[in-house]
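# model the structure of this input:
(one chain, ligands or ions: 1)
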Amino acid sequence: EGLGALAVKAGLQYFGTAIDNVVLDNKNYTSIAFNVSEFNQVTPSNGMKWMYFEPQRNVFNATLADQIVKPARKAGQLRRCHTFIWHNQLPGWLTSRNWTAPELTAVLENHIKAEARYFKDDCIAWDVVNEAFNDDGTWRDTIWLRTLGKSYIELAFTFARKYVGKKTMLYYNDYNVERVNNKSLAVVELVKDFKKRDIPIDGVGLQAHFTVGRSPSYNETSASIAQFNKLGMEVAITELDVRLALPDTAEKSEAQAKVYADTVKACVDAKDCVGVTVWDFWDPVSWVPETFPGNGNACLWTEGFVKKPAYYAIQKVF
Ligand code: XIL
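I've put the predicted structure just below:
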């Protein structure tokens with residue numbers, strides 16, 4: 001049995017993976033990616049992002065997203081949708097202009113409305129806003145903050161609630177929030193404020209892009225999940241990967257396995273952590289080497305499609 005099937009037996013809704021379009025012609029890849037026993041949930045790595053879904057103003061394109069959503073649906077895999085509002089991967093028409101606040105609000109609503117309605121009940125969850133805070137807990141300087149002020153986040157969640165399927169959970173998603181620290185405390189404050197003012201939000205996604213030697217412990221991750229559960233938020237581990245400084249060694253692979261296992265176990269043991277998604281499972285498509293030069297081998301399968309110690313360590317947790 002694969003990790004997805006085992007996760008369900010362990011009480012999670014899912015164990016899933018992000019899938020990228022660039023390897024969909026690789027049968028070795030797709031036979032794992034769309035295997036519901038291995039992964040009973042998928043997240044499109046790129047196709048739902050603004051630059052792909054609305055490449056020109058008011059011109060919508062679901063081609064890349066559908067290349068993943070459709071086979072996933074057919075395979076019986078759950079879908080997480082990612083993401084409406086982010087500061088990266090925005091189209092040029094949006095970033096190369098100075099908008100007034102009313103204009104940008106209309107652009108925001110138009111985008112969320114079109115994409116939310118397109119995927120309607122397709123997704124168990126939407127990452128409504130991605131990465132809005134700096135590590136020190138201050139608000140990240142983005143086109144959204146500069147033009148709309150802090151209210152952009154509640155606008156996004158309000159529009160999302162209005163247009164997505166009733167059962168779709170609305171998430172705030174971020175990295176470096178897997179410990180109780182300034183950044184995760186800023187998210188706690190956001191959730192408290194939303195609850196006080198009846199702004200819809202259902203969950204918090206912990207991306208969990210980790211590095212061997214600097215990763216949160218089981219207790220640290222557990223404490224961060226708990227601070228959100230205490231506020232009534234469900235939690236998901238949304239983008240788990242564990243990079244290491246190349247070259248790989250047996251010791252590093254074992255350390256990596258422990259980080260994967262500790263993170264999955266923190267989710268399994270939590271009051272309300274619904275599932276774990278890895279940010280791709282195959283090293284050659286991982287975003288890591290390009291983004292963090294000198295780092296790599298962050299995924300569960302090697303380039304030759306051999307399962308690593310991390311895979312078996314997760315299996316053991318379940
Ligand atoms: C990454 C994708 O995996 C890459 O293919 C793309 O070039 C850049 O974005 N945090 C996120 C994800 O929320 O959307 C990012 O995905 C990785 C970091």
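
# and residue 205, how far is that from residue 236?
Separation of residue 205 from residue 236 (CB to CB, to the nearest Å): 5 Å. Heads up, the C-betas are built off the backbone N, CA and C, glycines and all.

# which residues are common contacts for those two?
125, 171 (CB atoms under 8 Å, 6 or more residues apart in numbering).

# so which residue is dead centre in this protein?
Taking CA atoms, centre = their mean, the centroid of the chain lies closest to residue 238, which sits 3.7 Å from it.

# element containing that one, please.
When elements are assigned from DSSP states H and E, residue 238 belongs to strand 234-245.

# about what we covered before: check the secondary structure at the residue nearest to the residue nearest to the centre of the chain when sequence neighbours are not counted for me.
Closest residue to residue 238 apart from its sequence neighbours, by CB to CB, 6 or more residues apart in numbering: residue 205 at 3.8 Å. Three-state call for residue 205 (DSSP: H, G, I helix; E, B strand; the rest coil): strand.

# pretty sure residue 205 sits against residue 175.
No. Judged on CB atoms under 8 Å, residue 205 makes no contact with residue 175 at a distance of 9.5 Å.

# neighbour count winner among these two?
A side-by-side neighbour count of residue 205 and residue 175, using other CB atoms under 10 Å, places residue 205 first with 29 against 18.

# and the more buried one, what does it touch?
Per CB under 8 Å, 6+ apart, neighbours of residue 205: 125, 127, 171, 172, 173, 174, 235, 236, 237, 238, 239.

# which among those gets closest to the ligand?
Among the contacts of residue 205, residue 239 lies closest to the ligand (CB to the nearest ligand atom), at 5.7 Å.

# how close does the closest one get to residue 43?
Residue 239 sits 8 Å away from residue 43, going by CB to CB.

# okay, and the common contacts of the two?
Residues touching both residue 239 and residue 43 by CB under 8 Å, 6+ apart: 18, 277.

# got the contact list for stretch 301-318?
The contact list for stretch 301-318 (CB under 8 Å, 6+ apart) reads 3, 6-7, 9-10, 15, 28, 32, 242, 253-254, 256-261, 264-265, 268, 281-284, 299-300.

# generate a ChimeraX selection restricted to the buried entries among those residues.
Entered in ChimeraX, the line below selects the buried ones among the contacts of stretch 301-318, by 16 or more other CB atoms under 10 Å:
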select :3,6,7,10,15,32,242,253,256,257,258,259,260,261,264,265,268,281,282,283,284,299,300
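
# restricted to strands, list the contacts of stretch 301-318.
Per DSSP state E, strands hold the following members of the contacts of stretch 301-318: 15, 242.

# export the contacts of residue 205 to TSV and tack on pLDDT and distance to residue 159?
What follows is the contacts of residue 205, written out as TSV (pLDDT from 0 to 100; distance: CB to CB, whole Å):
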residue	pLDDT	distance to residue 159
125	98	16
127	98	14
171	99	15
172	99	14
173	99	17
174	99	20
235	99	23
236	99	21
237	99	26
238	99	21
239	99	24
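
# which residues in this protein form helices?
For the chain, the helices defined by DSSP state H cover 3-9, 27-33, 50-53, 63-75, 92-95, 101-119, 143-148, 151-163, 182-196, 218-229, 250-269, 288-291, 309-317.

# how many neighbours does the nearest residue to residue 110 once chain neighbours are set aside have?
Nearest residue to residue 110 in three dimensions, chain neighbours excluded: residue 58, at 6.6 Å (CB to CB, 6+ apart). Residue 58 has 10 neighbours, counted by other CB under 10 Å.

# same check on residue 115?
Residue 115 has 24 neighbours, counted by other CB under 10 Å.

# ditto for residue 229
Counted with other CB under 10 Å, residues neighbouring residue 229 total 16.

# so how far is residue 187 from it?
13 Å.

# okay, now the unreliable bits of this structure?
Scanning the chain for pLDDT under 70 picks out no residues.

# how near is residue 205 to residue 130?
Taking CB to CB, one finds residue 205 at 8 Å from residue 130.

# intersection of neighbour lists for the two?
By CB under 8 Å, 6+ apart, residue 205 and residue 130 have these common neighbours: 173, 174.

# assess the claim that residue 86 and residue 128 are in contact.
No. Counting by CB under 8 Å, residue 86 sits too far from residue 128 to count as a contact (10.2 Å).

# looking at these two, which has the bigger crowd around it?
residue 128 (31 against 19).

# please name the nearest non-neighbouring residue to the more buried one.
Nearest in space to residue 128, with sequence neighbours left out and distances taken as CB to CB, 6+ apart, is residue 160 at 4.6 Å.

# residue in this protein nearest to the ligand?
Using CB to the nearest ligand atom, the single residue of the chain nearest to the ligand is residue 287, 3.7 Å away.

# burial count for that residue?
Residue 287 has 18 neighbours, counted by other CB under 10 Å.

# ramachandran angles for residue 38?
phi -70, psi -50 (degrees, to the nearest 10).
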